[in-house]
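[1] Next one to model:
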Amino acid sequence: MKKIRDLIRPSIADILPYPPGKPIEEVKRELGLNEVIKLASNENALGPSPKAIEAIKKAVGDINIYPDGNSFYLKQKIAQKLNVGMDEIFMGNGTDEVIRVITEAFLNPDEEVVIAWPGFVIYSIATNVMAGTLKSTTLKNYTHDLEAMLDAVTDKTKLLFIANPNNPTGTIVDKTQVEFFMKKVPEDVIVVFDEAYYEYAGDNFPDTIQYMREGRNVIILRTFSKIYGLAGLRVGYGIAKKEIFAEMNRIRQPFNVNRLAQAAAIAALDDEQQIKKSKAMNEEGKKFLYKELESFGLEYVPTSANFILVNMARDGKEVFEKLLREGVIVRPMGSYDMPNFIRVTIGKLSDNIKFIESLKKILK
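    All right, here's what the predicted structure looks like:
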């Protein structure tokens, strides 16, 4: 009898599973700690809108019934907010699922996908699953080098991913850079703008939806996991011309966005005050952490998101493990080929203070 390893598809044989941030419960259990804070997965420490919580409570009595497979009312709300058509929206079980469906729908074996590295690892996993060829360009000053990405495009290139702001660096490519890029990129290349942290990014951010309105082959990804505080419900979406989503809907799972997620997301979109509070908390936390990190003499990458990449000038995994023992979960960056770095989510003031105090203890 063959081993299971001999039975799997060759294209997935060398894929390493995605390493999520350690959960609070696991750290408490393993280290015997009573208080643990998580600053590893770029969640919104302020939490979801109270309106979203109320919507979940109202919807929970109907969880014996399958959700609306088309997410009609959620699509309607997003379409009104963005001034796009409902058929120009694709709902997903988080944007991770949307990325997977993009590659399943469009990528043939040996066709190329261009990404920037370090970047979101799901792009490479989804590419490898479909036996595509991954072409990675190197970041320039921790930012996407769009000219290098253009140079990497060949007649075999099918997809190109731009994370903006980029994870794990928090940097953006601005309006001028994106305009230059879109003038040069071949029209038959599908450009995916992953804008998971869009709401944090500030004023000089490109309006990528305009390219969809022009009929270009672009897909814009947005999520409710970050500023909306609904990471535990897994709901994200794409924006593109309807012809793209007509093909992707052929293989979308029929009930991929659950009933509670739809209800919470609809309510969250109505709570502008919660978004303002989240942005304000993030800006205040950013200033506080910048100042404290500078006082330690540590290099960091100025961010347009809700996390900061920090160069510890030593083994980042060792710093991560020492912080765990202090009850602080951050993200070591060794798997992103940045062994001396950690990534820390900007949290509430009390979280930020605990992180800094714990870091100070370690550095001493």
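[2] show me where pLDDT drops low in the protein?
    Low-confidence segments of the chain (pLDDT under 70): none present.
[3] tell me the domain ranges of it?
    Split into domains by automatic domain parsing, the chain comes to 4-47+273-363, 60-269.
[4] Now render the ones you listed as a markdown table, adding distance to Ile53 and mean neighbour count.
    From N, CA and C alone the C-beta is placed, and that goes for glycine too. Compiled in a markdown table, those are given as follows (distance: least, Cβ to Cβ, whole Å; neighbours: other Cβ atoms under 10 Å):
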| stretch | distance to Ile53 | mean neighbour count |
| --- | --- | --- |
| domain 4-47+273-363 | 9 | 17 |
| domain 60-269 | 8 | 19 |
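[5] Ok, which of those domains comes nearest Glu54?
    Closest of these to Glu54 is domain 60-269, at 6.9 Å (criterion: Cβ to Cβ).
[6] Could I get the full set of helices for the stretch 101-250 of the chain?
    For the stretch 101-250 of the chain, the helices defined by DSSP state H, counting those that start in this stretch cover 122-129, 146-152, 175-184, 209-213, 242-248.
[7] Of all those, which one is nearest Asp110?
    Closest of the helices of the stretch 101-250 of the chain to Asp110 is helix 122-129, at 11.1 Å (criterion: Cβ to Cβ).
[8] what packs against the closest one?
    helix 95-106, strand 112-117, strand 133-138 (3 or more Cβ pairs under 8 Å, 6 or more residues apart in numbering; DSSP states H and E).
[9] for Ala261, what are its contacts?
    The neighbourhood of Ala261, defined by Cβ atoms under 8 Å, 6 or more residues apart in numbering, consists of Pro67, Phe224, Leu230, Leu233, Arg234, Val235.
[10] Need phi/psi at the nearest residue to the third one once chain neighbours are set aside.
    Read that as Leu230. Spatial nearest neighbour of Leu230, chain neighbours left out: Phe224 (4.2 Å); criterion: Cβ to Cβ, 6 or more residues apart in numbering. Phi and psi for Phe224, reported as degrees, to the nearest 10, are phi -100, psi 0.
[11] just checking, Phe224 touches Gly232?
    No: assessed by Cβ atoms under 8 Å, Phe224 is found out of contact with Gly232, at 10.4 Å.
[12] Which among the helices and strands packed on helix 122-129 is found nearest to Tyr290?
    Taking the helices and strands packed on helix 122-129 one by one with Cβ to Cβ, strand 112-117 is closest: 24.4 Å.
[13] Indicate each strand paired with that closest one and its parallel or antiparallel sense.
    According to DSSP bridges, strand 112-117 has the following sheet partners: strand 133-138 (parallel), strand 157-163 (parallel).
[14] so what's Phe320 closest to, chain neighbours aside?
    Counting by Cβ to Cβ, 6+ apart, Phe320 lies nearest to Pro332, which is 4.0 Å off, once chain neighbours are set aside.
[15] check contacts around that neighbour.
    Gly316, Lys317, Val319, Phe320, Phe341, Ile342 are the contacts of Pro332 under Cβ under 8 Å, 6+ apart.
[16] again, 10 Å this time
    By Cβ atoms under 10 Å, 6 or more residues apart in numbering, Pro332 lies in contact with 19, 40, 312, 315-321, 323, 338-343.
[17] Val310 too?
    289, 293, 296, 298-301, 316, 319, 330, 333, 340-344, 359.
[18] Inside helices: which ones of the residues you listed?
    Leu289, Leu293, Gly316, Val319, Leu359 (DSSP state H).
[19] quick one: the third one and Met338 touch, right?
    Yep, that's Gly316 we're talking about. Yes: counting by Cβ atoms under 10 Å, Met338 is a contact partner of Gly316 at 7.2 Å.
[20] could you measure the nearest residue to Arg250 once chain neighbours are set aside against Lys184, distance?
    Spatially, and ignoring its direct neighbours in sequence, Arg250 is nearest to Ala105 (7.2 Å; Cβ to Cβ, 6+ apart). For Ala105, the distance to Lys184 equals 25 Å [Cβ to Cβ, to the nearest Å].
[21] Kindly report the same for Tyr66.
    45 Å.
[22] ok, now Gln253?
    Distance of Gln253 to Lys184, given as Cβ to Cβ: 36 Å.
[23] Quick one: end-to-end length of stretch 108-126, please.
    12 Å (Cα to Cα, to the nearest Å).
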